[in-house]
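> Pasting a predicted model and its sequence here:
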Amino acid sequence: LPMKERRKLLPVIRDLQWIKSKFAGFSSETTCSAARAHFLSAVQFVCANKREMDMAYHVKFDMLCKLLPLYNPTWMTDFINDDKTWFNFDLNYEELMQLMDMGYLKEIAPSRIAHVLPWITRIRNKEPKGNDTFNSELLLKRDITLKEHIWTIFEYESSIGYQDNCAKEAYKKGVTARDESISAALYRFSLDGHLDRERLLKATLATFHRSFKKDMAGWFAGFFETLQPTTGELLSLQEEMMQIFTSSYTKPVNVMLQQLKNIASEEGFRYQEFIERATTLFFSSPKNSLLTIYALFEKIVAQHPEMKEPCCITLCQLFLKKDESLQKKAANFISKYGDASSSNLQETLQSYQPEMFQSVHAILSSFKPQPAEDRQDQVFLHLLDFAEGCDGFADRVVAHDGDAVVGAAYAVVEVLFAAQVGAPVGEIDR
């Protein structure tokens with residue numbers, strides 16, 4: 001039949017899709033049987049256009065292979081690559097690739113590949129209650145799969161997390177002899193040369209800058225751990241890892257902090273940059289992340305004593321947390337590594353005092369700024385010691401520089417010293 005005549009069948013197909021019934025004054029519609037739907041979808045395929053093809057899901061691969069030699073619609077490639085429709089053909093990755101091989105498909109969109117590829121290792125059990133099995137070797141069947149297609153799951157939303165968990169459950173139940181999940185397979189392939197390991201690590205880190213949903217971001221965070229990056233790899237990826245601190249999800253940030261903790265004692269760890277970037281994490285990170293940052297700071301000051309004050313000042317942000325244990329952690333760190341005479345640290349602590357618990361005030365009592373009156377008394381107590389001997393006295397007084405009292409005390413020292421040696425003040429050689 002010519003297309004014009006075939007299109008007359010569309011209303012009939014729509015009517016036959018539903019089984020109408022009436023009872024007790026009510027009417028209802030239910031979908032037709034699977035066998036009827038299978039037949040109607042094949043008829044619709046040769047009659048409808050892209051927009052009208054709403055039974056495509058019932059067109060199975062074997063039926064499609066029989067229909068295409070008779071009729072290959074111009075809209076087929078666009079229809080299959082439309083990732084926004086709910087009515088697409090029920091075709092898996094291998095079936096789509098076979099259509100490409102046969103010349104019926106011009107191309108497969110990356111988003112469509114990402115949609116079907118996670119199912120590639122799954123082998124359906126024909127028994128309704130039977131367990132599906134998995135075979136990761138199917139990823140090696142076509143060279144293009146690992147060379148090009150596998151990277152689409154790092155760029156587009158997919159069901160990779162769900163399929164991966166199903167494969168791991170099958171392994172736990174003994175359905176498969178080993179872990180046949182895609183995550184485990186990609187790890188093996190990164191070690192045996194099938195995949196570029198550096199590209200795999202970087203592609204994983206890049207996923208956290210895409211607009212993936214929380215479950216997918218969490219899966220990729222776990223996958224990064226599955227890859228077990230070496231010390232050298234982590235050192236080379238520090239920039240990419242620290243960029244993830246801006247993620248709105250906590251799991252990727254936690255994983256990156258744990259990985260950075262593994263290299264915090266290594267030469268080449270960018271500790272100064274870490275301290276600066278970690279500042280943004282104190283406001284929204286959960287307690288476990290903050291404790292990891294604390295542990296990282298412990299490692300940093302152990303290797304780089306000059307970073308004690310920057311770490312102390314950064315950790316002061318923990319005093320904004322209404323968690324006494326976290327505040328005490330910060331206080332103990334400052335008490336252990338901080339310089340009680342540092343005016344910068346004293347001023348910083350002073351600004352956080354209203355937020356501190358009483359127990360924290362007690363730990364940091366030695367860091368309170370000294371009142372000017374007490375400092376003046378100490379200066380003049382030193383003066384009383386002058387009669388005992390003046391060696392090194394001026395140096396001790398200079399330590400109090402910055403207060404008018406200090407300047408006056410120093411002048412007194414000059415006068416007394418001049419009187420003792422019998423020389424005019426202006427001629428004393430200091």
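Okay, I see it. Residues are numbered from 1 along each chain as shown.

> What strand or helix carries the most centrally placed residue in the chain?
Central residue of the chain (Cα atoms, centre = their mean): residue 252, 2.2 Å from the mean position. Using DSSP states H and E, residue 252 sits in helix 250-262.

> Just the CA atoms of that helix, as PDB, please.
Presented in PDB, the C-alpha positions along helix 250-262 are these (Å, rounded to 0.1, in the frame of the first residue of the first chain):
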ATOM      1  CA  THR A 250      29.400  15.900  50.200                       C
ATOM      2  CA  LYS A 251      30.600  12.400  49.100                       C
ATOM      3  CA  PRO A 252      32.900  13.600  46.300                       C
ATOM      4  CA  VAL A 253      34.500  16.200  48.700                       C
ATOM      5  CA  ASN A 254      34.900  13.500  51.400                       C
ATOM      6  CA  VAL A 255      36.600  11.200  49.000                       C
ATOM      7  CA  MET A 256      39.000  13.900  47.800                       C
ATOM      8  CA  LEU A 257      39.900  14.800  51.300                       C
ATOM      9  CA  GLN A 258      40.700  11.200  52.200                       C
ATOM     10  CA  GLN A 259      42.800  10.800  49.100                       C
ATOM     11  CA  LEU A 260      44.700  14.000  49.800                       C
ATOM     12  CA  LYS A 261      45.300  12.800  53.300                       C
ATOM     13  CA  ASN A 262      47.100   9.800  51.900                       C
END
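
> if we can go back for a sec, these two touch, right, the residue nearest to the centre of the chain and residue 221?
Yes - under the criterion of Cβ atoms under 8 Å, residue 252 makes contact with residue 221 at 4.4 Å. The way it works is simple: take the backbone N, C-alpha and C, and place the C-beta from them, glycine included.

> intersection of neighbour lists for those two?
The contact sets of residue 252 and residue 221 overlap at residue 208 (Cβ atoms under 8 Å, 6 or more residues apart in numbering).

> circling back: per-residue pLDDT, the residue nearest to the centre of the chain?
Per-residue confidence (pLDDT) for residue 252: 97.

> Check the one 5 residues further on too.
Among the per-residue scores, residue 257 shows a pLDDT of 98.

> Just the buried residues of the helix or strand where residue 276 lies, please?
Residue 276 belongs to helix 271-278 when elements are defined using DSSP H and E. Of all the residues in helix 271-278, those buried under the rule 16 or more other Cβ atoms under 10 Å are 271, 274, 275, 278.

> What is that helix packed up against?
In terms of contacts (3 or more Cβ pairs under 8 Å, 6 or more residues apart in numbering; DSSP states H and E), helix 271-278 is packed against helix 238-243, helix 287-303, helix 308-315.

> With mean neighbour count and distance to residue 102 as new columns, can these be given to me in a markdown table?
Putting the helices and strands packed on helix 271-278 into a markdown table (neighbours: other Cβ atoms under 10 Å; distance: least, Cβ to Cβ, whole Å) gives the following:
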| stretch | mean neighbour count | distance to residue 102 |
| --- | --- | --- |
| helix 238-243 | 17 | 41 |
| helix 287-303 | 18 | 52 |
| helix 308-315 | 20 | 62 |
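
> Show me the one of the ones you listed that comes nearest residue 166.
Nearest to residue 166 among the helices and strands packed on helix 271-278 is helix 287-303; the distance by Cβ to Cβ comes to 28.4 Å.

> now the angle from the closest one to helix 308-315?
Compare the direction of helix 287-303 with that of helix 308-315 by axes from the mean of the first three to the mean of the last three Cα atoms, to 10 degrees and you get 170 degrees.

> Would you mind pulling the contact partners of helix 287-303?
Helix 287-303 is contacted from outside by 250, 253-254, 257-258, 260-261, 264-265, 271, 274-275, 278, 281-282, 285, 307-308, 311, 314-315, 318, 321, 323, 326, 329-330, 333, 337, using Cβ under 8 Å, 6+ apart.

> got it, and stretch 88-104?
Stretch 88-104 has contacts (Cβ under 8 Å, 6+ apart) with 56-61, 64-65, 68, 72, 76, 79-80, 82, 105, 107-108, 112-113, 116-117, 119-120, 138, 141-142, 149.

> What's the PyMOL line that selects buried ones from these?
Buried residues among these (16+ other Cβ under 10 Å), as a PyMOL selection:
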select buried, resi 56+57+58+59+64+68+76+79+80+105+108+112+113+116+117+119+120+138+142+149
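
> Which of the contacts of stretch 88-104 fall in strands?
Counting by DSSP state E, no part of these is found in strands.

> Give me the residues contacting the helix holding residue 276.
Outside helix 271-278, the residues touching it (Cβ under 8 Å, 6+ apart) are 238, 242, 245, 260, 264, 293, 296-297, 300, 303-304, 307, 310-311, 314.
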